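Novice: structure of the sequence below:
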Amino acid sequence: MRRKRMRLDGQTAYYHVMSRTVNGEALFGDREREVLRKIIWQVADFSGIRVVTYAVMKNHFHILVEVPAEVDVSDEELVRRYRRLYPKPTPWNPMRAEVLEGHLRDNTLEGMDLRKSLLRRMGDISWMMKTLKQRFTLWFNRSRDRFGPLWCERFKSVLVEGDRWALRTVAAYIDLNAVRAGLVEDPKDYRFCGYAEALGGGRMARAGLSVVDKDLAGYRQTLYGVGAGEKAEKCSISREEAVRVLEEEKGKLPLSVVLRCRVRYFTDGMVLGSRSFVEEHVQTQSSAGKRTRRAHAMSGADWGGLAVGTGLRKGLFE
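Specialist: Below you'll find the predicted structure:
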């Protein structure tokens, strides 16, 4: 099967990507989540992709990423990134960074091939996810004396408009994963998400969330609805109650409450953003031979004009 290169030509692109374990088994304890967290940063740095935020859970992970518009990487930067991913020679990648540096400097035939091969992996979310999942699977299986597949699927992805509101809404949904799972009442207390890491002083996590809000206090307003006519409290609601309000009473819920439910728009949609952005990209997908889809206004809350391109025929919640 031909590998899909997930890029928007000439444009910076944002994707919400996620993957789940086989059968959704809760295989990851603190140690496993910490290793996966570190590998996310390592592989993203190698790929030249910015992690806006992330959440690593017991049986899945989410990442919101920024894919650069252009890939223009110097040989010096290629060596730095290579050393970041391969600090030591391995049986499957025995070349030391110093050897790569020499080939690139002397522009040998091997160096030209290596440069071309490495550049193909830069700024490509498909390569990033493949490398990330393979690397973690290898570590996980060795640490458990285990073999076989770990992930139940390639990965899911939703193209997100680079508008600050769209990005902030998706980021908040990701950072609230542990709250939805009942692990914590406040995402700042969950060490395996971008928001908590940023509050803890993580430089890369802070840089990532600066894409959605320059001030972490401002981002917290999206997490809790402060300043938007909603109560400044840690709201939660059961799926059953949410369905009753939305479907039986035809009502709406506060955005901060809906974000604490498992909303299918964020995981099973295709494109998310303003109606014009969604229409443009679903038409591109349709013209590429996929079945016709269209933009749908997001329902159930005041989403600030967001729409989603999706063929979903089921309800709002998972």
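Novice: in the protein, which helix or strand is least confident?
Specialist: Ranking every helix and strand in the chain by mean pLDDT, DSSP states H and E puts helix 239-243 at the bottom, with a mean of 63.
Novice: ok, for H296, nearest residue in space, not its chain neighbours?
Specialist: Closest residue to H296 apart from its sequence neighbours, by C-beta to C-beta, 6 or more residues apart in numbering: V308 at 5.7 Å. In this view, the C-beta of every residue, glycine as well, is placed from N, C-alpha and C.
Novice: any idea how far that neighbour is from L104?
Specialist: For V308, the distance to L104 equals 44 Å [C-beta to C-beta, to the nearest Å].
Novice: compare the two (neighbour count), which wins?
Specialist: Legend: neighbour count by other C-beta atoms under 10 Å for V308 and L104, higher for V308 (26 against 21).
Novice: please report phi then psi for the more buried one.
Specialist: Phi and psi for V308, reported as degrees, to the nearest 10, are phi -140, psi 140.
Novice: got phi/psi on A13?
Specialist: Torsion angles, degrees, to the nearest 10, at A13: phi -120, psi 150.
Novice: tell me the pLDDT of it.
Specialist: pLDDT recorded at A13 is 96.
Novice: buried stuff in the lengthiest helix in the chain?
Specialist: Counting by DSSP state H, the longest helix found in the chain is helix 125-144. For helix 125-144, a neighbour-count test (16 or more other C-beta atoms under 10 Å) marks 125-133, 135-137, 140 as buried.
Novice: tell me the secondary structure for the closest residue to A97 other than its chain neighbours?
Specialist: Once flanking residues are discounted, A97 sits nearest to R83: 4.1 Å by C-beta to C-beta, 6+ apart. In terms of secondary structure, R83 is helix; the call rests on DSSP: H, G, I helix; E, B strand; the rest coil.
Novice: number of residues surrounding R83?
Specialist: By other C-beta under 10 Å, neighbour count at R83 equals 16.
Novice: thought it was touching V99?
Specialist: No. R83 sits out of contact with V99 when judged by C-beta atoms under 8 Å, with a separation of 11.4 Å.
Novice: next one, pLDDT for the residue nearest to A97 please.
Specialist: 96.
Novice: contacts for stretch 91-107, please.
Specialist: The contact list for stretch 91-107 (C-beta atoms under 8 Å, 6 or more residues apart in numbering) reads D75, L78, V79, Y82, R83, Y86, P89, E110, G111, L114, R115.
Novice: what helices or strands is the strand or helix carrying E34 leaning on?
Specialist: Using DSSP states H and E, E34 maps to helix 30-47. Applying 3 or more C-beta pairs under 8 Å, 6 or more residues apart in numbering; DSSP states H and E, one finds that helix 30-47 contacts strand 50-56, strand 60-67, helix 75-85, helix 125-144.
Novice: change it to 6 Å
Specialist: Where contact means 3 or more C-beta pairs under 6 Å, 6 or more residues apart in numbering; DSSP states H and E, helix 30-47 is packed against strand 50-56, helix 75-85, helix 125-144.
Novice: okay, helices next: where are they in the stretch 151-300 of the chain?
Specialist: 164-175, 177-180, 194-199, 203-209, 216-224, 239-243, 255-258, 265-268, 275-287 (DSSP state H, counting those that start in this stretch).
Novice: and of these, who's closest to L27?
Specialist: Smallest distance to L27 across the helices of the stretch 151-300 of the chain (C-beta to C-beta): 16.3 Å, for helix 177-180.
Novice: mind showing which ranges of the stretch 201-318 of the chain have poor pLDDT?
Specialist: For the stretch 201-318 of the chain, applying pLDDT under 70 flags the ranges 225-251, 284-293, 310-318.
Novice: check the stretch 1-150 of the chain too.
Specialist: 1-10.
Novice: mind checking how far the closest residue to R120 other than its chain neighbours is from K214?
Specialist: Closest residue in space to R120, ignoring its immediate chain neighbours: W127 at 7.5 Å, by C-beta to C-beta, 6+ apart. According to C-beta to C-beta, W127 and K214 sit 30 Å apart.
Novice: with Y265 instead?
Specialist: Going from Y265 to K214 by C-beta to C-beta gives 26 Å.
Novice: comparing those two, which shows the higher neighbour count?
Specialist: Ranked by neighbour count (other C-beta under 10 Å), Y265 and K214 place Y265 first, with 24 against 10.
Novice: ok, that one touching A307?
Specialist: No. The pair Y265 and A307 fails to qualify as a contact (C-beta atoms under 6 Å) at a distance of 9.5 Å.
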